[in-house]
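J.: Mind folding the following:
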Amino acid sequence: MPPPQTITHWRTCIWNIWRHPSSIKHHHMFSTIAIKEWRMVLRNHAMVAALLSALLLSGIASIGSRITLQEEQREREAANREFRRQWEQLQTNDPHGAAHFGTYIFKPLTALSGFDRGLDPVTGSTLRIEAHIQHHTATPPLSPADVYLRFGELTPATVLQLFFPLLIFFLCFNSYAQERSSGTLRLMMIQGTNKGTIMWSKTIVYQCIVAGTMLLSLLLYLPVIFKAASPLRILLLLMGYLCYSSIFVIIGIWVSAVARNARQALLWLCSIWLIWNVIAPRLTTAAGAALHPLPSQYALQQKIDQAIKTGIDGNDPREARTARLLHETLRQYQVADVSQLPVNFNAIRLQADEDYAQQVYNKYAKATDSIIRLQNSINQYAMLADPYLAIRSLSMALCGTDYDHQFYFDTEVRQYRNTFIHRLNQAMIYDREPPADLYYNMPVFHFEPPAISSTLSRQWLPLASLLLWIGVSISLLNSVARHAPTE
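T.: Sure, this is the predicted structure:
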């Protein structure tokens with residue numbers, strides 16, 4: 001005998017159906033329209049060819065990204081081992097000379113670095129550590145082919161952000177206009193359905209098609225992601241792209257309903273894609289660079305060198321700082337001459353110069369960072385009007401290839417460099433002969449990216465933009481469902 005809860009449930013269902021028999025008909029029409037739309041997509045050879053082309057393009061991007069990621073990972077691991085071997089086997093009795101010999105640090109790759117390259121091709125991934133000189137992250141040289149690549153590298157993220165919206169618009173531009181022009185729209189409404197049911201049935205079908213195509217296109221890359229990436233990052237990334245695709249599906253159905261014919265709908269949708277995905281990103285970037293220009297690297301280095309030489313405020317030259325340091329050191333050890341010091345004053349001076357240079361560098365690095373963030377703020381506010389900018393920012397952040405991750409990496413490397421040079425100078429202060437294992441025991445740089453909570457706290461605006469556009473597109477579709485013409 002079934003439990004009482006089950007009996008009560010079925011009684012409620014039967015009672016509701018008896019009181020509202022139209023709900024069965026409404027549900028039947030919903031599924032009928034969805035099945036009919038699916039069959040129309042399968043019969044349209046152009047749409048099938050477009051879906052297969054999207055799968056092929058995504059497959060090429062996924063395979064290429066996997067190969068590139070694996071090659072770069074092998075190269076960086078081999079370079080790290082080689083530079084570490086050179087450092088551990090370094091033969092010199094002068095720790096300061098070893099500091100000038102220096103070493104190299106390579107930004108670690110994540111499992112999602114190949115999915116969305118972000119700013120990595122621009123910011124670089126290699127940084128040299130050396131005494132007295134604060135090197136910048138080395139950027140790769142511009143290859144001749146890069147001049148002609150206006151959409152960046154072909155990665156899974158590029159395909160999903162740029163080419164999938166075009167596919168979606170190509171699928172949806174004729175969805176409602178065809179029903180109206182062929183006369184089937186009036187037939188369906190005579191049978192008891194309404195325009196809202198028709199539009200939402202088509203929306204669900206096309207969203208399922210797009211979601212299935214997206215997941216199929218990522219099958220070649222998902223093993224790499226699930227192997228090392230955080231499940232939470234993967235889930236958020238997939239939800240972000242599904243939300244992004246839903247916006248274009250709903251907008252595509254809406255334009256198909258408000259346009260006079262399919263040709264006009266296609267023209268409008270192509271214009272929307274051109275504005276959102278091509279023109280707006282370049283305009284916002286150009287506006288940020290024009291409103292908040294960055295100084296050239298040469299001019300910035302000139303200011304840093306001048307500040308080290310004459311002082312941060314311009315009134316504290318290096319010679320005066322050295323004289324004060326000597327006076328304080330002699331007074332600390334209560335001796336009258338530098339030759340009577342029990343420590344190596346040259347090493348003390350070298351470390352003092354390093355500390356002062358770091359203060360100068362921090363001052364100009366902070367000023368440069370503030371300018372870059374002002375430039376990025378133009379893009380951030382433009383996200384509210386452009387979902388492409390929102391998904392691009394969210395994708396880079398979740399993949400660890402945005403500016404915040406690069407700034408965090410640069411900060412960690414600077415701290416490691418200061419500790420690195422400090423230990424070498426300290427070995428000269430009290431020991432005339434450095435320990436035999438000094439270079440072997442130098443700590444290895446280890447980088448841990450920011451936590452996912454920290455990343456999401458800085459991505460509230462892209463998330464808000466995607467949710468805003470989901471709400472706006474749903475409101476537009478519901479509105480046109482009440483006022484769209486039937487002929």
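
J.: centre of the chain versus the longest helix seen in the chain, how much separation?
T.: Counting by DSSP state H, the longest helix found in the chain is helix 45-88. Put simply, helix 45-88 sits 17 Å off its chain's centre (C-alpha atoms, centre = their mean, to the nearest Å).

J.: helices or strands up against that helix?
T.: Counting contacts by 3 or more C-beta pairs under 8 Å, 6 or more residues apart in numbering; DSSP states H and E, helix 45-88 is packed against helix 22-43, strand 103-106, helix 156-158, helix 164-172, helix 195-217. Placement of C-beta: from N, CA and C, glycine included.

J.: With respect to burial, which of those scores highest?
T.: helix 156-158 (a mean of 26; mean count of other C-beta atoms under 10 Å).

J.: Just name whatever secondary elements that helix is in contact with.
T.: helix 45-88.

J.: Which SSE is immediately downstream of the helix it packs on?
T.: helix 95-101 (DSSP states H and E).

J.: who's in contact with that following helix?
T.: 90, 92, 130-132, 347, 350, 420-421, 424-425, 427-428, 434, 438-439 (C-beta atoms under 8 Å, 6 or more residues apart in numbering).

J.: What remains of those residues if I keep only buried residues?
T.: Neighbour-count burial (16 or more other C-beta atoms under 10 Å) is assigned, among these, to 90, 130-131, 347, 350, 420-421, 424-425, 427-428, 434, 438-439.

J.: so which of those residues would you say is closest to Thr110?
T.: Lowest distance from Thr110 to the buried ones among the contacts of helix 95-101 (C-beta to C-beta) belongs to Phe420, with 24.2 Å.

J.: What sits closest to that closest one if chain neighbours are left out?
T.: Ile129 (5.9 Å; C-beta to C-beta, 6 or more residues apart in numbering).

J.: Just list whatever residues bridge to that neighbour.
T.: Thr103, Gln134 (DSSP bridges).

J.: Pull the contacting residues for it.
T.: Gly102, Thr103, Tyr104, Ile105, His135, Val413, Tyr416, Arg417, Phe420, Ile421.

J.: pLDDT at it, what is it?
T.: Listed pLDDT for Ile129 reads 87.

J.: again with the one 5 residues further on
T.: At Gln134, the pLDDT value in this model is 81.

J.: tell me, how many neighbours does it end up with?
T.: 22 (other C-beta atoms under 10 Å).

J.: and stretch 80-95, how far apart are its ends?
T.: This stretch, stretch 80-95, spans 21 Å end to end (C-alpha to C-alpha, to the nearest Å).

J.: May I see the buried residues of it?
T.: Asn80, Phe83, Arg84, Trp87, Leu90, Pro95.

J.: quick one: buried residues of stretch 274-292?
T.: Trp276, Asn277, Ala280, Pro281, Thr284, Thr285, Gly288, His292.

J.: Just to be sure, which of those are found in helices?
T.: Ala280, Pro281, Thr284, Thr285, Gly288.

J.: Which parts of the protein are strands?
T.: 103-106, 126-129 (DSSP state E).

J.: Throw those into CSV and include distance to Leu69, thanks.
T.: Formatted as CSV, the strands of the chain follow (distance: least, C-beta to C-beta, whole Å):
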stretch, distance to Leu69
strand 103-106, 14
strand 126-129, 17
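
J.: For Ile67, find the nearest of those.
T.: Smallest distance to Ile67 across the strands of the chain (C-beta to C-beta): 19.0 Å, for strand 103-106.

J.: tell me which strands and helices that closest one is in contact with?
T.: Contacts defined by 3+ C-beta pairs under 8 Å, 6+ apart place strand 103-106 against helix 45-88, strand 126-129, helix 403-430.

J.: can you redo the ones you listed as CSV with distance to Ile168?
T.: Below are these laid out as CSV (distance: least, C-beta to C-beta, whole Å):
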stretch, distance to Ile168
helix 45-88, 10
strand 126-129, 39
helix 403-430, 29
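
J.: which one of those lies closest to Thr329?
T.: Nearest of the helices and strands packed on strand 103-106 to Thr329, taken as C-beta to C-beta: helix 403-430 at 10.6 Å.

J.: Report the mean per-residue pLDDT for that closest one.
T.: 88.

J.: So for that helix, what gets flagged as buried?
T.: Counting neighbours by 16+ other C-beta under 10 Å, helix 403-430 gives 403-406, 408-410, 412-414, 416-417, 420-421, 424-425, 427-429 as buried.

J.: Equivalent analysis for stretch 68-75, please.
T.: For stretch 68-75, a neighbour-count test (16+ other C-beta under 10 Å) marks Leu69, Glu72 as buried.
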